[in-house]
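Student: how would this look folded up:
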Amino acid sequence: MYTGLFHFHSFWAYLVLLVVGLATINALAGYFTKRSYSPNDFRISLFALIASHIQLLLGIVLFFKSPKILWFQDNLDVGTIMKDPLLRLYNVEHPTLMIIAVVLITMGYSKHKKKLSSTPKLKTLAIFYTLALIAILLMIPWNQWF
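Tutor: Now for the predicted structure:
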């Protein structure tokens with residue numbers, strides 16, 4: 001079960017990266033060109049929200065099933081995790097920053113719906129989705145992908 005879930009989480013990460021990147025570029029382009037907010041903008045940002053939440057759920061399940069996560073072992077020495085860069089990445093940094101990225105996407109999506117005109121809607125999406133994309137790009141374990 002773990003192996004299949006791990007591969008699906010890795011595959012889905014490509015989709016999340018693509019969709020969040022597309023939503024970010026779309027929001028930035030819309031904001032800087034001052035175009036009207038359209039149903040397409042809504043769909044793209046919604047799909048990025050849904051894809052990132054699915055990825056978060058997969059990641060949470062993996063967090064409790066992965067042999068790379070040491071938090072649930074007996075006689076845990078937190079210093080061991082924090083001194084080893086790879087263990088720290090999987091146990092602390094990756095989960096924390098990915099949760100922050102999903103929170104940013106959720107906040108941006110939620111806040112943009114409350115705006116009444118196109119420019120503030122696109123600006124809100126652009127800011128929050130750009131920050132989320134940066135967080136995602138910083139914490140992808142690239143050495144595992146390639």
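Student: most distant residue from the middle of the chain?
Tutor: No residue in the chain sits farther from the centre than Asn75, which is 31.7 Å out by Cα atoms, centre = their mean.
Student: and that one, what pLDDT?
Tutor: For Asn75, the pLDDT comes out at 77.
Student: For this structure, just list every one of the helices.
Tutor: Using DSSP state H, the helices of the chain run over residues 2-33, 39-65, 78-83, 85-88, 94-114, 118-139, 142-145.
Student: Reformat these as CSV; add mean pLDDT, mean neighbour count and distance to Trp71.
Tutor: In this view, the C-beta of every residue, glycine as well, is placed from N, C-alpha and C. Formatted as CSV, the helices of the chain follow (pLDDT from 0 to 100; neighbours: other Cβ atoms under 10 Å; distance: least, Cβ to Cβ, whole Å):
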stretch, mean pLDDT, mean neighbour count, distance to Trp71
helix 2-33, 94, 16, 16
helix 39-65, 95, 17, 8
helix 78-83, 85, 12, 8
helix 85-88, 86, 12, 10
helix 94-114, 96, 18, 10
helix 118-139, 96, 20, 18
helix 142-145, 70, 10, 19
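Student: Touching stretch 80-98 from outside, list them.
Tutor: By Cβ atoms under 8 Å, 6 or more residues apart in numbering, the surrounding residues in contact with stretch 80-98 are 55-56, 59, 63, 66, 68-71, 135-136, 138-139, 141.
Student: err, stretch 30-46, not the other one
Tutor: 19, 22-23, 26-27, 29, 108-109, 112, 117-119, 121-123, 125-126, 129.
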